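Trainee: show me how the following folds:
(2 chains)
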Protein chains: 2
Amino acid sequence: MSKKIVVVQKLLDQELVERIIEKGEALGYQVEYYREVEEALPACADAEIIYGSNPALPKAAPVLKWYNAFSVGVDAYLKDQAFLNEDVILTNSAGAYGPSVSEHGLMTTLMVLRREWEYMQNVQRKTWRNDLMVGSIAGSYVTILGTGDIGTEYARKVRACGAAHITGINRSGRGAGEAYDETARVSDLDAYLPLTDILFMCLPGTSETNGILSEKRIGAMKKTAVIVNVGRGSAIDQKALIRALQEGRLMGAALDVFEKEPLPADDPAWQTPGLLVTTHTAGNLTAAITRKRNVDQFLENLEAYTRGLPMKHVVRKNLGY
Amino acid sequence: MSKKIVVVQKLLDQELVERIIEKGEALGYQVEYYREVEEALPACADAEIIYGSNPALPKAAPVLKWYNAFSVGVDAYLKDQAFLNEDVILTNSAGAYGPSVSEHGLMTTLMVLRREWEYMQNVQRKTWRNDLMVGSIAGSYVTILGTGDIGTEYARKVRACGAAHITGINRSGRGAGEAYDETARVSDLDAYLPLTDILFMCLPGTSETNGILSEKRIGAMKKTAVIVNVGRGSAIDQKALIRALQEGRLMGAALDVFEKEPLPADDPAWQTPGLLVTTHTAGNLTAAITRKRNVDQFLENLEAYTRGLPMKHVVRKNLGY
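Mentor: Take a look at the predicted model:
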C-alpha cells in the first residue's frame, strides 16, 4: 500500500493543488484532493497524512500519523477529541494568516477610531458631514494580548502608524521581539489595561484564555479606549462588553469572533452603538496570500516530516496551541 | 497700534487657544481669537497675521503680512484671489495632516481590498458570511501619486503591511526618500499604471493635477486594481471612474474628495458598486493629533517670522502648493 496524503479544501486554487500533488509524488506519496469533507471521508481510512479543516477527517482516519490543519485555532479538534491515536502529530497553519488577520485588525481598529460605522450610515442616507471627532493610532498606547505572528504583524503595522508605546502580553512574559516596546506576562495584564488606548486581542481558545477580558477588566479601561478581538470570542465577557458600550464606558470595539458563531439573530451585538461587527472575516482562506502561505508551509513541513527533521507549528495538545 | 494676530477656528481646544495667546503675547502681539468667520471679519482690518481657514479673512485684511491656513490645500484662496497684496506670505499646514489622512487612506484601502462595504451591508441584514474573496496590501505593487508628507506617511504604513514595491511619483522625479523603492516623474505615470495594484492619490489641486487620472489612464489599469484618492477630486475624471467600476474594469475605489463637494444628492457616486464614498473626512481638524500639530507648526513659524528666520511650509503661489 502506497503512502497517502488526503487534501480537503474547496477554496484552494488549481495551481496550488497541482503544487501539492507534484511535491507529494516527488516524495513518494499518492495525493488525493477533495473539495468537500463528505467526499473525502472514505479516503481517510488509509491516509497517513491529512491536510484539512474539519474534525470529522481525523476521526475517520485510523492509521493517521500527521494532521495539518488549514486553520490556526485547533480548539475544535481538541474539544472534539478528533484524534483516534495519541501519537498523531498535529500541526496548525500559524504564520499563514498573519498578513490577512493583521490587515483586518488594522482596518477595524481604524474604523472604530475614525467612527466609520457612523459615517457609513450617513453615506447611505447621502448625508455629507465630516465633523465627528475621531481618534488615531498615532500617539496611542497599544496593548497586544497574544504575541504570536498575528500580534507581531499587527505591532509592526501600528508602529508604522506612530503608536506611542506597544506592549506585548503573553503567557510567560518572555520577550516577544523588537516589534514591541516591552513584553509582559498575562498575570500582569491588570497593570496595563488602565493605560491602554487600543487593546488588540489575538489569543487562542484555551482554558486559560477563556473569559480573560472579564467584566472587571473591561471596567478598568479608559472611557476613550478601543478593543479589537480577532482571536476567539470566548476570551471576552461579551455581555459585559456590550453593556460597557451601551453605557458609554468605552469609545468602541470591533469583534470578528463571538462567544457563539454564527452570531444568533437576536444577539444584541448586531446593533450595539460603537460595536463594529465583522462575521469572522479576518482570517480564512479568502486572501490569495493566505492560501499561498498555507500551502508553502505545509509543503515545507512535508519535506521535514519525510526526512525526519523537526517540523514547524507543531501544536502542544496539552496547551492547545 | 500694537501688532495683531487674528485666529479663527471653531474646532480649536481651549488649551491650544491659550497656548497661541501666551506665545503671541510673549512675542509682542495682541492675539484675538474667534470661533466664527463672520465675527472675525471686522478684526481683520488691522491684522498683521491671520491664522484661519476661509478666503474671506485675507480679503478683509488690507495690512496683512502673513496668512497661515489651517488647511494644506490653498487652491480656494488662490482661485478666489483672496490676497489684497502680492507680498503677503502664505503658509499652509502641510505636515499637520499626515497622520490622520494617511490613517484614513490606509483604512479605506483595506476596506476596498477586503470588500468591507459589501460585508457591512450583510451585517446590517444580520447575515453571517465570510466567503468573499479579498485582497491584501501584503504582496501588492503600490503607486503613490504625490510624495509630500501624506504620501510618505502612507508609504511607511503600506511598507509595514508588506507591500511588494512602492513607487512615489512627483513633479520633478526627484528622489522622495527611503519610504519608497523608487521615485518617478509624473510624465512617466503611464509606464507605472499597468503594474499598479493600489494607486494612492494625494495631489494638491493645481492646473497640472487637474484631470490627471484621465479616462485613458483609468483604462490602462488592471482589472484587480484599487484607486484611493484623498487629495483633490479634480485630479480624477470622476465620470470615467464610475463607468469603469460599473463595468467591472476595476476592483474598487475609495474617494474622500470629489469634483463637486458636497457631493450632490443625484450623483451616481453615492451608489456605485465597488466605490467607497467618504465625505471628505480624511483630514480636517477632528483628530486631536492634527489640531496639536497644526498649532505647533504655526507657533514654530511665528517664532521664525518674528525673528526674520526662514519660515516653513511657504506656498509658492505660482505653483499652488
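Trainee: how about residue A:189: what's its closest non-neighbour residue?
Mentor: Nearest in space to residue A:189, with sequence neighbours left out and distances taken as CB to CB, 6 or more residues apart in numbering or on different chains, is residue A:169 at 5.9 Å. C-betas here are computed from N, CA, C, even on glycine.
Trainee: okay, and the beta partners of that neighbour?
Mentor: residue A:145, residue A:184 (DSSP bridges).
Trainee: spit out the contact partners of it.
Mentor: Counting by CB atoms under 8 Å, 6 or more residues apart in numbering or on different chains, residue A:169 touches A:143, A:144, A:145, A:146, A:147, A:183, A:184, A:185, A:186, A:188, A:189, A:192.
Trainee: give me the helices and strands touching the strand or helix carrying residue A:143, please.
Mentor: Assigned by DSSP states H and E, residue A:143 belongs to strand A:141-145. The helices and strands touching strand A:141-145, judged by 3 or more CB pairs under 8 Å, 6 or more residues apart in numbering or on different chains; DSSP states H and E, are helix A:149-160, strand A:165-170, strand A:198-201.
Trainee: show me where chain A has strands.
Mentor: Here chain A has its strands, by DSSP state E, at A:4-8, A:30-34, A:49-52, A:66-69, A:89-91, A:141-145, A:165-170, A:182-185, A:198-201, A:226-229, A:252-255, A:275-277.
Trainee: I figured residue A:255 hits residue A:269, correct?
Mentor: Yes: with contact defined as CB atoms under 8 Å, residue A:255 counts as touching residue A:269 (6.8 Å).
Trainee: overlap in contacts, those two.
Mentor: Shared contacts of residue A:255 and residue A:269 (CB under 8 Å, 6+ apart): A:238, A:275, A:277.
Trainee: list the buried ones in stretch A:288-305?
Mentor: Across stretch A:288-305, burial judged by 16 or more other CB atoms under 10 Å in any protein chain shown covers A:288-295, A:297-299, A:301-302, A:305.
Trainee: same question for it, mean pLDDT?
Mentor: The pLDDT scores in stretch A:288-305 average 97.
Trainee: again, but for stretch A:265-283
Mentor: Mean predicted lDDT for stretch A:265-283 stands at 97.
Trainee: what's the answer for stretch A:117-137, then?
Mentor: Stretch A:117-137 comes out at a mean pLDDT of 96.
Trainee: now do it: everything it contacts.
Mentor: Contacts of stretch A:117-137 (CB under 8 Å, 6+ apart): A:109-111, A:113-115, A:158, A:161-163, A:197-198, A:224, A:226, A:251, A:276, B:11, B:99-100, B:103, B:117, B:120, B:261-263, B:265, B:270, B:277-281, B:284, B:286-289.
Trainee: residues from the stretch 101-250 of chain A in reach of chain B?
Mentor: Proximity of the stretch 101-250 of chain A to chain B (CB under 8 Å from any CB of the partner chain) is limited to residues A:102-104, A:106-107, A:110-111, A:113-114, A:116-117, A:119-120, A:122-123, A:126-139, A:156-157, A:159-162.
Trainee: which outside residues touch the longest helix along chain A?
Mentor: Using DSSP state H to define each element, chain A has its longest helix at helix A:288-307. Residues outside helix A:288-307 that contact it (CB under 8 Å, 6+ apart): A:5, A:11-13, A:16, A:19-20, A:23-24, A:27-28, A:49, A:51, A:66, A:68, A:70, A:89, A:91, A:93, A:95-97, A:99-100, A:283-285, A:309-313, B:135-136, B:138-139.
Trainee: what about 6 Å?
Mentor: The set of residues external to helix A:288-307 that reach it, using CB atoms under 6 Å, 6 or more residues apart in numbering or on different chains, is A:16, A:23, A:27, A:51, A:66, A:68, A:70, A:91, A:93, A:96-97, A:99-100, A:285, A:311-312, B:136, B:138-139.
Trainee: follow-up on the earlier one: more crowded one of residue A:255 and residue A:269?
Mentor: The neighbour comparison of residue A:255 against residue A:269 (other CB atoms under 10 Å in any protein chain shown) goes to residue A:255, with 26 against 20.
Trainee: just give the nearest non-adjacent residue to that one, would you?
Mentor: Among residues not flanking residue A:255 along the chain, residue A:229 sits closest, at 5.2 Å (CB to CB, 6+ apart).
Trainee: correct me, but the one you found touches residue A:258?
Mentor: No: the criterion here is CB atoms under 6 Å, and residue A:229 misses it with residue A:258 at 9.0 Å.
Trainee: so for these two, which sits in the more crowded spot?
Mentor: More neighbours surround residue A:229 than the other of residue A:229 and residue A:258, with 26 against 21 (other CB under 10 Å).
Trainee: what sits against the more buried one?
Mentor: Here residue A:229 is in contact with A:201, A:236, A:255, A:257 (CB under 6 Å, 6+ apart).
Trainee: most neighbours of all those, which one?
Mentor: residue A:236 leads the contacts of residue A:229 on contacts (other CB under 10 Å) with 28 neighbours.
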